[in-house]
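>>> missing the sequence, but the structure's below:
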């Protein structure tokens, strides 16, 4: 946090009224925005009867819904699908992107900039524009409703962002260190594994986290390409939308478990995420 | 620049090529194969329910689609959805970025709470709003209205598109806030201080210093949001299924209906081509801007 830099100058700080108004305003808005999430978390600890009763913060919390979500629909299975798909695609994307970003940052040619921009432009292809061919290809090769299918899609979906983010992190690294390593006779592989990767680990980690978050929350492909076997949490939660499935406490319990890990990861990496989400245009 | 590679321009180029080959090849395939197929299908008679009907259709699919009132209704819905969400999130995001830049007690935590909705998966956001917030009899909003002596609103049947706009804005306002807050950090405090010394009020500072400073970040937010908002899908899928009637059917949802419910591959592909063209118009501007940014 850069509190010291952004803090109000002395003559306004001395006004406690201004402080009080700002604090009240800031907190009220933050709480209003956060309210649906808070309410969902609370509802998850209610009984179904209490969940649809008049809104109340006073209730005796129960873990009933959490147990039932697991017992009735096998929540763990969907969670495992989400984990496999999010981490699998992230691992693959990093594996493919690291050499590419390395080449762009340290061995640039006059085509590098064009390649970067072209990669960015593939991200602009609206998924719905290629839904039909992907669906048909997946049907014909048996990838519909498989984790492998989703992993392939998510890897390709996130690859441009991953390359971009890694590129910006690699570029920020002082070239002299790699140079020194090379002088000492390090091969390219040694250079990458013993110098580049350890030194840019925080950047690689936040790139990976962004990729995990994006895959975890992706809902267009998961809804259209999976039905039951490989359905991740986004698709599982959607099954609560049927009219007979109006069990708010269970919906809330399942949703809370589905978003909690990502919410925490998001809080941790918000700063670095901006870089990836805006392709380095806002730092 | 680099002594060790003084001799090896082409060697460097070759290494660059081989290191980049996997990423470039995969993305090239990912782009060209489905895109080519979509364009090809859009000129074919191809319905999975009518396997005997095949062959070159020429512009038939486009003709049928462009004269179908459903397409124009879906285009209108798409524009309304994108337009309103942009206005709400950009104006709201800018004001909130200014607010959360001020020093107040617990600002760090308040910021984290305010950006949280962006990390919630779309199906969860949509269902939490649809059930717990906007439900006509048991929702929080209905309870709030009744406590104030107002009639409770059946959000999804009387204001379907507005409801979707509210949900999507709730998801994307935090995105705008997150990006704009980051951009605010590079605002020159000395300049603001100097302006204040010269007697500039908070409004003047906002319009003549803050807003121009945020200009680029705001346009990035607008373009990135446009690309995602043009094809909003999950939020509609789990709440209204495009209804009532066509009230909340946007272009993405229309294509989904044609492809996976009516199995009309040719028609859905023609719709897909239209969606791609729309997205590309936006994309050109975004790519240009990022390119300019790469230079400095």
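Perfect, thanks for sending it. These numbers come from a predicted model, not from an experiment.
>>> now the helices: where do they sit in the stretch 101-250 of chain B?
B:107-115, B:122-127, B:140-147, B:155-158, B:160-184, B:189-197, B:202-205, B:211-229, B:234-239 (DSSP state H, counting those that start in this stretch).
>>> what about the second one, near chain A?
Yes. With Cβ under 8 Å from any Cβ of the partner chain as the threshold, helix B:122-127 lies in contact with chain A, specifically through B:122-127. Using the backbone N, CA and C atoms, a C-beta is placed for each residue, glycine as well.
>>> Redo those residues as CSV? Include neighbour count and pLDDT.
Shown next, in CSV, are the residues of helix B:122-127 next to chain A (neighbours: other Cβ atoms under 10 Å in any protein chain shown; pLDDT from 0 to 100):
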residue, neighbour count, pLDDT
B:122, 25, 92
B:123, 28, 91
B:124, 29, 92
B:125, 27, 92
B:126, 28, 91
B:127, 26, 90
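>>> which ones are touching the residue lying closest to residue B:143 once chain neighbours are set aside?
Distances taken as Cβ to Cβ, 6 or more residues apart in numbering or on different chains put residue A:55 closest to residue B:143, at 5.0 Å, once the chain neighbours are dropped. Counting by Cβ atoms under 8 Å, 6 or more residues apart in numbering or on different chains, residue A:55 touches A:39, B:140, B:143.
>>> what's the helix or strand for the first one?
In other words, residue A:39. In the assignment (DSSP states H and E), residue A:39 maps to helix A:16-44.
>>> Could you list every helix and strand in contact with that helix?
Counting by 3 or more Cβ pairs under 8 Å, 6 or more residues apart in numbering or on different chains; DSSP states H and E, the packing neighbours recorded for helix A:16-44 are helix A:248-277, helix B:69-101, helix B:107-115, helix B:160-184.
>>> count of neighbours near residue B:204?
For residue B:204, the neighbour count with other Cβ atoms under 10 Å in any protein chain shown is 13.
>>> Can I take it that the residue nearest to residue B:143 is in a strand?
No. Read with DSSP: H, G, I helix; E, B strand; the rest coil, residue A:55 is coil and lies in no strand.
>>> And it, how far from residue B:145?
Separation of residue A:55 from residue B:145 (Cβ to Cβ, to the nearest Å): 12 Å.
>>> so what sits against both of those two?
If you check residue A:55 and residue B:145 against Cβ under 8 Å, 6+ apart, no residue is contacted by both.
>>> Compare the helices of the stretch 101-250 of chain B and give me the one nearest residue A:162.
helix B:211-229 (16.6 Å; Cβ to Cβ).
>>> what's the closest one packed up against?
For helix B:211-229, the packing partners by 3+ Cβ pairs under 8 Å, 6+ apart come out as helix B:69-101, helix B:160-184, helix B:265-295.
>>> low pLDDT regions in the chain?
The chain I'm using is chain A. A:1-14, A:243-245, A:280, A:283 (pLDDT under 70).
>>> nope, chain B please
In chain B (pLDDT under 70), the answer is B:1-13, B:293-296.
>>> do that again at 90, thanks
B:1-25, B:27-76, B:78-79, B:101-108, B:130-159, B:182-235, B:238-296 (pLDDT under 90).
>>> pull the longest helix from chain A.
Secondary structure of chain A per DSSP state H: the longest helix is helix A:75-106.
>>> Beyond that helix, next helix or strand please.
Downstream of helix A:75-106, the first helix or strand assigned by DSSP H and E is helix A:112-122.
>>> so, in contact with chain B or not, that next one?
Yes. Helix A:112-122 lies within reach of chain B by Cβ under 8 Å from any Cβ, at A:112-113, A:115-117, A:119-122.
>>> Compare those residues and tell me which has the most neighbours.
Comparing the residues of helix A:112-122 next to chain B by number of neighbours (other Cβ under 10 Å), residue A:119 comes first, having 26 neighbours.
>>> Provide a list of residues in contact with that one.
Applying Cβ under 8 Å, 6+ apart to residue A:119 gives the contacts A:159-160, A:163-164, B:23-24, B:27.
>>> Setting aside sequence neighbours, what's the nearest residue to the residue positioned nearest the centre of chain A?
Nearest to the centroid of the C-alpha atoms of chain A, with distances taken as Cα atoms, centre = their mean, sits residue A:213, at 1.3 Å. Nearest non-adjacent residue to residue A:213, counting by Cβ to Cβ, 6+ apart: residue A:262, 5.5 Å away.
>>> which residues does that neighbour contact?
Contacts of residue A:262 (Cβ under 8 Å, 6+ apart): A:212-213, A:216-217, B:119-121.
>>> how much space is there between it and residue A:73?
Distance from residue A:262 to residue A:73, by Cβ to Cβ: 20 Å.
>>> From chain B, how far out is the nearest residue to residue A:101 once chain neighbours are set aside?
Nearest residue to residue A:101, sequence neighbours excluded (Cβ to Cβ, 6+ apart): residue A:166, at 3.6 Å. In this view, residue A:166 and chain B are 10 Å apart by Cβ to the nearest Cβ, to the nearest Å.
>>> since we're on residue A:166, how many residues are nearby?
For residue A:166, the count of nearby residues is 26 (other Cβ under 10 Å).
>>> Report all helices and strands that the helix or strand where it lies contacts.
Here residue A:166, judged by DSSP H and E, is contained in helix A:147-172. Helices and strands touching helix A:147-172, by 3+ Cβ pairs under 8 Å, 6+ apart, are helix A:75-106, helix A:112-122, helix A:201-217, helix A:220-225, helix A:248-277, helix B:9-42.
>>> that older thread, check contacts around the residue nearest to the centre of chain A.
Applying Cβ under 8 Å, 6+ apart, the residues contacting residue A:213 are A:262, A:265-266, A:269, A:273, B:119.
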